[in-house]
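Novice: turn this into a structure:
(one chain, ligands or ions: 1)
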Amino acid sequence: MTDAQGRYRFPRTRLEPGQYALRIRATGYDLARPTSAVVTAGQSASADLALEKTADLAAQLTNAEWIMSFPGTDQQKLTVHGCAHCHTLERVVRSRYDAEKWLAVVQRMSQYTTQSFPLKIQKQFGGQRQGMGPQTAEGQAQSTANRRRLADYLATVNLSSGPKWSYELKTFPRPKGEFADSTLRLDTKTGEFIEYPMPRFTDGRRTWVDDRTTPVAFWVGANHSASVVKVEALDTPASPVSDSR
Ligand code: HEC
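Specialist: Sure, this is the predicted structure:
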C-alpha cells in the first residue's frame, strides 16, 4: 500500500531475488503500462508506477460503492443488501433481466443455503431458507409482494434498458495514509503496534490469531472467494497510530 507520499514497500523477508511484475489496486485507475522490478539479493529496488484513468470503472466498484451509486430510496437500497451475501453485486448489475425475469431469479436465490456461493451451489432441503418462506397465507402474500417490489427495483439498477447504467458510478474517496489498507495488532507487552497489510478485499467472517509463530499471524476467512487468507506482519513494527486514517 502506498503512504501519504505515494511510496510503497514490500517486506524484505518476503521477497526472493528475481523479477517481479507489479499490479495495482486504486479505484478509478489502471497501470499505464506493464511494470516490473528486478530485486537482487541484499539491495533495495524501486519502481515508479504511472497510473491512468481506467476505462472500466464498473469492474473496480465495491458492493458499497454500487449501492451508493444506485438510484432510489434508502429503503429500496436496503432490499438489495442481502444480494451481496453470497456473491458480489457485479453479477447483479451486469445482468440484463427485466422485472419479470428478475422475479424468477429472486425466487431461485431464496432456495440456496446461506453457505452457498456460485462455486459451491447448495440448495436448501425442502425449499426455502428459514425466514424467507412464511407459511401463513398472509405471509405468503407479503413475501410475493416483496419479491415483486425487489424485482421491479433490480430492473432499474442493471443493464435491462441499455448497454450503460442509467446512473453515475460513484466511488468512495481514496483511503489515505500508511494504515489505510492494513490491520494493526497492539502488542500489549511492549505497547507496539504491528502492521499487517491486507492482501486483498475480504469480507473476513472469522479472524484467528495464531500466536504460536513469530511473528504472530492472522488467519482470515473470506466468504466470497471461499478462501482462508494468512495475513503476516510487515517486517518492521509500525509507529503508534496518530491520526493517519
Ligand atoms: C444464499 C446465497 C445467495 C443469495 C442471498 C443471493 N444469491 Fe444470487 N447466486 C447464488 C448462487 C449460488 C448463484 C449461482 C447459481 C445460480 O445462478 O443459480 C447465484 C447467481 C446469481 C446471478 C447470476 C446467474 C443469473 O441467473 O444471471 C445473479 C444475477 C444473482 N445471483 C442475483 C442475485 C440477487 C438479485 C440476489 C438478491 C435478491 C441474490 N442473487 C442473492 C447465491 C445467492
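Novice: please make it C-alpha for all contacts and neighbour counts, starting now.
Specialist: Will do.
Novice: helix, strand or coil for residue 165?
Specialist: With DSSP: H, G, I helix; E, B strand; the rest coil as the basis, residue 165 sits in coil.
Novice: give the contact list for it.
Specialist: Residue 165 sits next to 157-159 when contact means C-alpha atoms under 8 Å, 6 or more residues apart in numbering.
Novice: check residue 151 too.
Specialist: Applying C-alpha under 8 Å, 6+ apart, we find residue 151 in contact with 98-100, 102-103, 106.
Novice: could you flag which of these are buried?
Specialist: 98-99, 102-103, 106 (16 or more other C-alpha atoms under 10 Å).
Novice: rewinding a little: got the contacts of residue 165 as TSV, with neighbour count columns?
Specialist: Shown next, in TSV, are the contacts of residue 165 (neighbours: other C-alpha atoms under 10 Å):
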residue	neighbour count
157	23
158	24
159	19
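Novice: out of those, the closest to the ligand would be?
Specialist: The nearest member of the contacts of residue 165 to the ligand, counting by C-alpha to the nearest ligand atom, is residue 158 at 9.3 Å.
Novice: pLDDT value on the closest one, please?
Specialist: If you check residue 158, the pLDDT there is 97.
Novice: my guess is it meets residue 93, correct?
Specialist: Yes. Using C-alpha atoms under 8 Å, residue 158 is in contact with residue 93, at 4.1 Å.
Novice: return the residues of this protein in contact with the ligand.
Specialist: 80, 82-83, 85-86, 91-92, 95, 105-106, 109, 112-114, 116-118, 121 (C-alpha under 6 Å from any ligand atom).
Novice: give me phi/psi at the residue in the chain positioned nearest to the ligand?
Specialist: Ranking the residues of the chain by distance to the ligand (C-alpha to the nearest ligand atom) places residue 83 first, at 3.3 Å. The phi/psi pair for residue 83 (degrees, to the nearest 10) reads phi -70, psi -10.
Novice: let me know the pLDDT of it.
Specialist: 93.
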